[in-house]
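> Sequence plus predicted model, see below.
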Amino acid sequence: MRTLLLVTALIFALLAVQTAVAAGTDTQPAAVARDPDYESGKQAIEAKDWKLALERFSRAAARDPGNADIHNYLGYAHRQSGNLGAAFQSYGEALRIDPSHRGAHEYIGEAYLIAGNLAKAEEHLAALDRLCFFSCEEYRDLKKTVEAFKQRAKP
């Protein structure tokens, strides 16, 4: 009985940690949040001003080229602008910097679906399945998008 209680407590503790980590999509230190271009880029994303987002995140990336979050946001803005080639480059750079970047795996998977490449999207879904101890938001979102893609593809 005592072992069961300890295991249950451990599971709840792990869930709490994962929930706290998943609460923010940024994986880099708080210092990046003080970058005015980074903050302005995030605001531009929220406003769906893709041109401004690209400008601001490009400037932030020039100062901090090793920041996976910046490259992930650049990829997102490129994808929303319709430039899949640049989006794939930015997501690829984010994943080169941080191979476990859940946001980049989700977004590149979505980009592959836009390009009609279900197999590559499923590779990133599988990567998220490995990265998320329990299901995470990025996994659930990409899984839902993959399933919708499959439904649309049915004859």
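Alright, I've got the coordinates.

> where does N83 fall, phi/psi-wise?
Dihedral pair for N83: phi -100, psi 80, per degrees, to the nearest 10.

> what's the neighbour count on it?
Using other CB atoms under 10 Å, N83 has 16 other residues around it. Every residue, glycine included, has its C-beta placed from N, CA and C.

> For the protein, which segments count as strands?
Ranges of strands within the chain: none, based on DSSP state E.

> what stretches of it score poorly on pLDDT?
Scanning the chain for pLDDT under 70 picks out 1-33.

> For Q80, see how far away E46 is.
Separation of E46 from Q80 (CB to CB, to the nearest Å): 12 Å.

> neighbour count winner among the two?
Per other CB under 10 Å, whichever of E46 and Q80 has more neighbours is Q80, with 15 against 9.

> contacting residues for that one?
When the contact criterion is CB atoms under 8 Å, 6 or more residues apart in numbering, the partners of Q80 are K48, W50.

> Against A94, how distant is the residue sitting nearest the centre point of the chain?
By CA atoms, centre = their mean, the chain has its centre lying nearest to G103, at 0.9 Å. Computed as CB to CB, the G103 to A94 distance reads 8 Å.

> My understanding was that the residue nearest to the centre of the chain contacts N72; is that so?
Yes: when contacts are counted by CB atoms under 8 Å, G103 is listed as touching N72 (5.1 Å).

> what is in contact with the two at once?
Jointly contacting G103 and N72 under the rule CB under 8 Å, 6+ apart are A94.

> Do me a favour and get the backbone dihedrals for A47.
Backbone torsions of A47, given as degrees, to the nearest 10, read phi -90, psi 0.

> actually K48, not the one I typed
phi 60, psi 30.

> if I look at it, how far off is G103?
Taking CB to CB, one finds K48 at 18 Å from G103.

> C132 versus S90, what's the distance?
22 Å.

> quick one: which of these two has more around it?
The residue with more neighbours, out of S90 and C132, is S90; 29 against 17, by other CB under 10 Å.
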